[in-house]
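Asker: Below is the structure, and that's it, no one-letter string:
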């Protein structure tokens, strides 16, 4: 049974998580400040660091929530599509990713804005949440390339994720690039629909 101190600790932890999530969603990660959080939570700045190791630790917890919501969105996009061709499922996954990024832009951006110098600094639960997202991609990739080694499937999965992420990022940021904002969805469809079609490369050679 939790003590009163533990209950207060957990209550403050959840309150800070909710406040940090709301701040990031409304103002972006760069505007998240411990002093502002402490004021909103009616606690001291020191109390924040009694609950979280540092501000990065708090952001990791918020990002964990965001990754879970993203995973739910991505998973729902392919529900009932088990019999569909793998490329169609990849397109559905990419469109779900784009839709989530558009609808939750600042929280989505925070997933990749946290400062971590090495993977060893990232908690195991965080890495596992990310791996759960990759599993949705690796399944159709494995079907497309049944003879590919497991290690290469892993690299291919991460490569596809990075490619989709790059297209979405450049398109939504409207930077000077080859990704026109209004054609992000179509660009993703064209890329992913043609994965594994060797005749494309044969015709261009």
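Answerer: Structure received. As the structure is a computational prediction, the values presented were derived from the model and not from experiment.

Asker: Give me the buried stretch members for the one helix or strand residue 49 maps to, please.
Answerer: Assigning secondary structure by DSSP states H and E places residue 49 in helix 45-51. Under the neighbour-count criterion of 16 or more other CB atoms under 10 Å, helix 45-51 has 47-48, 51 buried. (Each C-beta comes from the backbone N, C-alpha and C, glycine too.)

Asker: Then stretch 16-35?
Answerer: By neighbour count on 16+ other CB under 10 Å, the buried set for stretch 16-35 is 16-17, 19-21, 23-25, 29, 32, 34.

Asker: what's the domain layout of this protein?
Answerer: Under the assignment automatic domain parsing, the domains of the chain span 1-52, 56-197.

Asker: Show me the helices in the protein, by range?
Answerer: Secondary structure of the chain, counting by DSSP state H: helices at 4-27, 34-41, 45-51, 55-77, 86-103, 105-110, 124-144, 150-173, 184-193, 198-204.

Asker: Kindly reformat these as TSV and extend each row with mean pLDDT.
Answerer: Formatted as TSV, the helices of the chain follow (pLDDT from 0 to 100):
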stretch	mean pLDDT
helix 4-27	93
helix 34-41	96
helix 45-51	93
helix 55-77	93
helix 86-103	96
helix 105-110	96
helix 124-144	89
helix 150-173	93
helix 184-193	93
helix 198-204	41
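
Asker: Kindly provide the distance from the spatially closest residue to residue 102 that is not a sequence neighbour to residue 108.
Answerer: Excluding its sequence neighbours, the residue lying closest to residue 102 (CB to CB, 6 or more residues apart in numbering) is residue 172, at 6.6 Å. Using CB to CB, to the nearest Å, we find residue 172 at a distance of 9 Å from residue 108.

Asker: Hmm, the residue nearest to residue 102 is touching residue 105, no?
Answerer: Yes - here residue 172 reaches residue 105: they are 6.6 Å apart, a contact under CB atoms under 8 Å.

Asker: show me what contacts residue 73?
Answerer: Residues near residue 73 by CB atoms under 8 Å, 6 or more residues apart in numbering: 96-97, 99-100.

Asker: Which among the residues you listed count as buried?
Answerer: Neighbour-count burial (16+ other CB under 10 Å) is assigned, among these, to 96-97, 100.

Asker: Just name the closest of these to residue 194, please.
Answerer: Comparing the buried ones among the contacts of residue 73 against residue 194 with CB to CB places residue 97 closest, at 18.1 Å.
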